[in-house]
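**Q** Let me see the structure of the following:
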Amino acid sequence: MIYDTITYALEDGVAVITLSRPDVMNALNTQMRAEIAHAVQQAGREARVVVLTGSGRAFCSGQDLGDRETAASIDLERVLRDEYTPMLNAIVDCPVPTIAAVNGAAAGAGANLALVHDVVIATESAFFMQAFTRIGLMPDAGGTWLLPRQMGLAKAMGAALFADRISARQADAWGMIWEAVPDAEFSAVWRARAAHLAKGPTEAYTRIKTALRGAFEQDFAAQLERESQLQGECAKTRDFKEGVVAFLEKRPAHFEGR
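**A** Got it, this is the predicted structure:
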């Protein structure tokens, strides 16, 4: 498929999806949401790790409000259900690890588009902002689910109400993201992280995602049962057999994945 609002590149098991509307700070419109969903689903079939990043100076500035008349008449309930939900579900349901490489501003729905990924790596000059109340809205795009789980209710409430900028360093310290790295090292770091995952045990990664994302809805006993089931599945994979042999032979494991 040829994309107009994003680019898609696959190399050495790493699919890199780049938001490519830099003139509007990669704001999300209908076409971009559909293309992100399609690209992530494609990557889930052919890659071992997916990276979403932005072009230009922003990661994503959120919903593209366009001109004032269009913004005032938009049916946000329909847009969230029909366009945002499929995009976000594609990321959450992706069978391989997903990384948001946040190269700049991540605001509104753009912040939550980043935070829904399995791993978030941000450049130190980046920031996250739940900008919704600045235009009379509440957080969406999964924000009300993600924020209290990632940063606790007190911080989540403040972020949603005040719509303050949260620097990448703050986000790192509060547990919102995996790491904030110096700007000069950003590209090398996320590429190295992606390469590491692309060489790893894909079958185990898939089950890690399933177990951790479902943990908030389980009590301890149910989670132990879920762990037993998923670990039993891992133990039947070629990756586990290779991992054991490599350990005994004192060499790096060479995982084949799916």
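
**Q** I figured Q42 hits M1, correct?
**A** Yes: proximity of Q42 to M1 meets the contact threshold set by C-beta atoms under 8 Å, at 7.4 Å. All C-beta spots, glycine's among them, are computed from the backbone N, C-alpha and C.

**Q** Report the next helix or strand after the lengthiest helix in the chain in sequence order.
**A** With DSSP state H setting the assignment, residue counts place helix 30-46 as the longest helix in the chain. In the C-terminal direction, the helix or strand that comes right after helix 30-46 (DSSP states H and E) is strand 49-54.

**Q** Just list what that following strand packs against, helices and strands only.
**A** Of the remaining helices and strands, those touching strand 49-54 by 3 or more C-beta pairs under 8 Å, 6 or more residues apart in numbering; DSSP states H and E are strand 14-19, helix 30-46, strand 98-102, helix 186-198.

**Q** What lies in contact with stretch 247-258?
**A** The set of residues that contact stretch 247-258 without belonging to it, under C-beta atoms under 8 Å, 6 or more residues apart in numbering, is 13, 48, 95, 199-203, 238-239, 242-243, 245-246.

**Q** Quick check: the two most widely separated of these?
**A** Largest separation among the contacts of stretch 247-258 by C-beta to C-beta: P95 and V245, giving 24.9 Å.

**Q** neighbour-wise, which of those two wins?
**A** Set side by side, P95 and V245 give different neighbour counts by other C-beta atoms under 10 Å, the larger being at P95 (19 against 12).

**Q** so after the helix or strand of the chain with the lowest mean pLDDT, what's the next helix or strand?
**A** Taking mean pLDDT, DSSP states H and E as the measure, helix 68-73 is the helix or strand of the chain with the lowest mean score, a mean of 60. Proceeding N to C from helix 68-73, the next assigned helix or strand is helix 76-79, under DSSP H and E.
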